[in-house]
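*Asks:* Sharing a model that was predicted from the sequence below.
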Amino acid sequence: MNILKNPRAGNFAGFLACVGMMACALFFQYGMDLEPCPLCVFQRVGTIALGLAFLIAAIHNPAGWGRGVYVMLIPSVGLAAAAVSARHVWLQNLPKDQVPACGPDLSFMLDTFPLFEVLSTVLSGSGECADISWQFLGLSMPAWVMILLGALSAWAVWVNVPGRRV
């Protein structure tokens, strides 16, 4: 079975890529003791949402215009998560004097504040989000997440575009 020609297999491959990303995130957290900051947690939520969208598309395996729905839905989820990663990369590249002050941790905010206030606070970033604790080839973890989410969004378009011969 060629995953480039079979939307079900292609969507399942996208789901497996998201599972792999989450496995890496958990390895970094529990195997390498790198605690995720609030923006990292939101990127994980976005990755899980993207994986679920891929899985639903694989199970559903629509034809015709139904595939067009997934061409819009899956990349939208992936690009929203990539935007959180881009915000994180931006914070990491701010000059030290412009980095926002550290705030309360995510669990405290979720217990104390309304959800929209938590979202606003987390997306504005904090000092802990500006720390770079891991790099590969000169790019931080959020940069790699942004690249992978963008690539998976493009992959979703490729495997689900309506009218492409299967």
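*Replies:* Thanks, I have the structure now.

*Asks:* Give me the residues contacting stretch 146-155.
*Replies:* For stretch 146-155, the surrounding residues in contact (C-beta atoms under 8 Å, 6 or more residues apart in numbering) are 10, 13-14, 17-18, 21, 43, 46-47, 50, 54, 74-75, 78-79, 81-82, 85-86, 88-89, 139. C-beta coordinates here come from the backbone N, C-alpha and C atoms, glycine included.

*Asks:* can you tell me which residues contact Glu55?
*Replies:* Careful, residue 55 is Leu; it's not Glu. By C-beta under 8 Å, 6+ apart, the contact set of Leu55 is Asn11, Phe12, Phe15.

*Asks:* So which of those wins on neighbours?
*Replies:* Within these, most neighbours by other C-beta atoms under 10 Å means Asn11, with 27 neighbours.

*Asks:* C-terminal to the one helix or strand that residue maps to, what's the next element?
*Replies:* Using DSSP states H and E, Asn11 falls within helix 7-26. Downstream of helix 7-26, the first helix or strand assigned by DSSP H and E is helix 38-60.

*Asks:* pLDDT averaged over that following helix, what's the number?
*Replies:* Taken as a whole, helix 38-60 carries a mean pLDDT of 91.

*Asks:* Export only the CA atoms of it, formatted as PDB.
*Replies:* Extracted in PDB, the C-alpha atoms of helix 38-60 (Å, rounded to 0.1, in the frame of the first residue of the first chain):
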ATOM      1  CA  PRO A  38       2.900  26.600  29.700                       C
ATOM      2  CA  LEU A  39       3.500  27.200  25.900                       C
ATOM      3  CA  CYS A  40       5.000  23.700  25.600                       C
ATOM      4  CA  VAL A  41       1.900  22.300  27.200                       C
ATOM      5  CA  PHE A  42      -0.300  24.100  24.700                       C
ATOM      6  CA  GLN A  43       1.900  22.800  21.800                       C
ATOM      7  CA  ARG A  44       1.300  19.300  23.100                       C
ATOM      8  CA  VAL A  45      -2.500  19.900  23.200                       C
ATOM      9  CA  GLY A  46      -2.300  21.100  19.600                       C
ATOM     10  CA  THR A  47      -0.200  18.100  18.600                       C
ATOM     11  CA  ILE A  48      -2.800  15.800  20.200                       C
ATOM     12  CA  ALA A  49      -5.600  17.600  18.500                       C
ATOM     13  CA  LEU A  50      -3.800  17.300  15.200                       C
ATOM     14  CA  GLY A  51      -3.300  13.600  15.800                       C
ATOM     15  CA  LEU A  52      -6.900  13.100  16.600                       C
ATOM     16  CA  ALA A  53      -8.000  14.900  13.400                       C
ATOM     17  CA  PHE A  54      -5.700  12.700  11.400                       C
ATOM     18  CA  LEU A  55      -7.100   9.600  13.100                       C
ATOM     19  CA  ILE A  56     -10.700  10.600  12.500                       C
ATOM     20  CA  ALA A  57      -9.900  11.200   8.800                       C
ATOM     21  CA  ALA A  58      -8.200   7.800   8.600                       C
ATOM     22  CA  ILE A  59     -11.200   6.100  10.200                       C
ATOM     23  CA  HIS A  60     -13.800   8.000   8.200                       C
END
